[in-house]
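S.K.: I would like to see how this sequence folds:
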Amino acid sequence: MAGVVRGPFQNAGLGYWVDRGYAGRGLASAAVQRIVEMARDELGLHRIEASTLLHNVGSQRVLQKAGFQQIGMAPRYLQIAGKWQDHNLYQVVLHD
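M.R.: Residues are numbered from 1 along each chain as shown. The predicted structure is shown next:
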């Protein structure tokens, strides 16, 4: 988690990466689920946001399993591999 903002926002951003040799073992899913629990139960955050490259179906599944919902698409959102690339945007709301 990064960019934790308190005050009325109570939000954080989430980014993660798993080495190709360890992909598909459920490590990202377990880590993201634990971060969601910690953000809700220990930090009292209201929301976490995350993004994925449009073609990164595996990461999209990880987020969806942890309760994230897609909220949009951001054109040229982040510079990845030297190019500004579009990303799907996700959020999970932790407290009503």
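S.K.: average pLDDT for the biggest helix by length in the chain?
M.R.: Assignment by DSSP state H gives helix 27-41 as the longest helix of the chain. The average pLDDT within helix 27-41 is 97.
S.K.: those helices in this protein, which residues are they?
M.R.: Under DSSP H, the chain gives helices at 27-41, 57-65.
S.K.: so which of those helices is nearest residue 77?
M.R.: In terms of C-beta to C-beta, the element of the helices of the chain nearest to residue 77 is helix 57-65, at 14.0 Å. C-betas here are computed from N, CA, C, even on glycine.
S.K.: for the residue nearest the centre of the chain, give its distance to residue 32.
M.R.: For the chain, residue 50 is the residue whose C-alpha lies nearest the centre (C-alpha atoms, centre = their mean; 3.0 Å). Going from residue 50 to residue 32 by C-beta to C-beta, to the nearest Å gives 8 Å.
S.K.: quickly list what's touching both of the two.
M.R.: Residues touching both residue 50 and residue 32 (C-beta atoms under 8 Å, 6 or more residues apart in numbering) are 14, 63.
S.K.: now the helices of the chain in a markdown table, with mean neighbour count and distance to residue 14?
M.R.: As requested, the helices of the chain are exported to a markdown table (neighbours: other C-beta atoms under 10 Å; distance: least, C-beta to C-beta, whole Å):
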| stretch | mean neighbour count | distance to residue 14 |
| --- | --- | --- |
| helix 27-41 | 16 | 6 |
| helix 57-65 | 17 | 8 |
